[in-house]
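*Asks:* turn this into a structure:
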Amino acid sequence: MGVDKIKAKILEDAKAEANKIISEAEEEKAKILEKAKEEAEKRKAEILKKGEKEAEMTKSRIISEAKLEAKKKLLEAKEEIIEMAINKLKEELVKLPEQPEYKDKLVNLIKDGAVSLGGGELIVRLNSRDMELIEDSTLWNLEKEIESITKKVTVLKKGDPVDIIGGCIIETADGLKSLDNSLEAIFNRNLNVIRARITEKLF
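*Replies:* All right, here's what the predicted structure looks like:
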């Protein structure tokens, strides 16, 4: 084989080897690109899934907060209505002594208070208006009724006037025990029951 032929053969082999290497490189390149594409798609799917999950969580949080806020507003509105009703009842309470049957109610409050304290020597405290409303004869009659219930000699005396809407405050003569049967005290003692009844009627 001549020199030229040898040279040509070397070039041909080199070219074939180069083509082979280029072909393999192209295949490797394609594989890398395909793998990268798959990885990108996988990553994209993960991000979208995470985004959807976060979006769903955000939506649930917003809805929950809105429900709580709505519930809070409703409770506030109900409480406001209840307070309005209680204030209205307080206004009516102030007018109670003007009613014709008030004297009978006051007498019963004095009697109940005296019986609760067990009778004996008791001081009856009233406001200035009721001091005139309750005569001594009324107290004398009450003493007999209280004695028959408590089985104890009972004396009722009017004390100094007190600043109350109506009703009475009963004290033992030694000042050791007292019972507040003023209208406002009775109202406040029953406030929970009053609130429950208002709630039941209104809602």
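
*Asks:* can you read off the pLDDT for residue 1?
*Replies:* The model reports residue 1 with a pLDDT of 58.

*Asks:* next: residue 74.
*Replies:* 89.

*Asks:* do the one 10 residues further on as well
*Replies:* Taken from the predicted model, the pLDDT recorded for residue 84 is 92.

*Asks:* ok, longest helix in this protein?
*Replies:* Criterion DSSP state H: the longest helix present in the chain is helix 3-95.

*Asks:* could you check how far the most centrally placed residue in the chain is from residue 125?
*Replies:* With distances taken as Cα atoms, centre = their mean, residue 75 lies nearest the centre of the chain, 6.9 Å away. Using Cβ to Cβ, to the nearest Å, residue 75 is found at 40 Å from residue 125. C-beta coordinates here come from the backbone N, C-alpha and C atoms, glycine included.

*Asks:* helices or strands up against the longest helix of the chain?
*Replies:* With contacts taken as 3 or more Cβ pairs under 8 Å, 6 or more residues apart in numbering; DSSP states H and E, helix 3-95 sits against helix 183-189, helix 191-202.

*Asks:* quick check: mean pLDDT of the last one?
*Replies:* Over the span of helix 191-202, the pLDDT mean works out to 90.

*Asks:* tell me the residue furthest from the middle of this structure?
*Replies:* Furthest out from the centre of the chain (Cα atoms, centre = their mean) sits residue 2, at 107.7 Å.

*Asks:* for this structure, which spans come out with low pLDDT?
*Replies:* Within the chain, the stretches with pLDDT under 70 are 1, 3.

*Asks:* 80 instead, please
*Replies:* For the chain, the stretches with pLDDT under 80 are 1-4, 6-7, 10-11, 14.

*Asks:* so residue 122, which state does it fall into?
*Replies:* Look at residue 122: counting by DSSP: H, G, I helix; E, B strand; the rest coil, its state is strand.

*Asks:* how about residue 105, what does it touch?
*Replies:* By Cβ atoms under 8 Å, 6 or more residues apart in numbering, the residues touching residue 105 are residue 96.

*Asks:* any idea how far residue 128 is from it?
*Replies:* Distance check for residue 105 against residue 128: by Cβ to Cβ, it reads 18 Å.

*Asks:* cool, residue 120 as well?
*Replies:* Using Cβ to Cβ, we find residue 120 at a distance of 26 Å from residue 128.

*Asks:* between these two, which is the more surrounded one?
*Replies:* Using other Cβ atoms under 10 Å as the criterion, residue 120 and residue 128 rank with residue 120 on top: 18 against 11.

*Asks:* show the contacting residues for the spatially closest residue to that one that is not a sequence neighbour.
*Replies:* Spatial nearest neighbour of residue 120, excluding adjacent residues (Cβ to Cβ, 6 or more residues apart in numbering): residue 152 at 5.7 Å. Neighbouring residues of residue 152 by Cβ under 8 Å, 6+ apart: 118, 119, 120.

*Asks:* quick one: contacts for residue 180?
*Replies:* Residue 180 sits in contact with residue 169, where contact means Cβ under 8 Å, 6+ apart.
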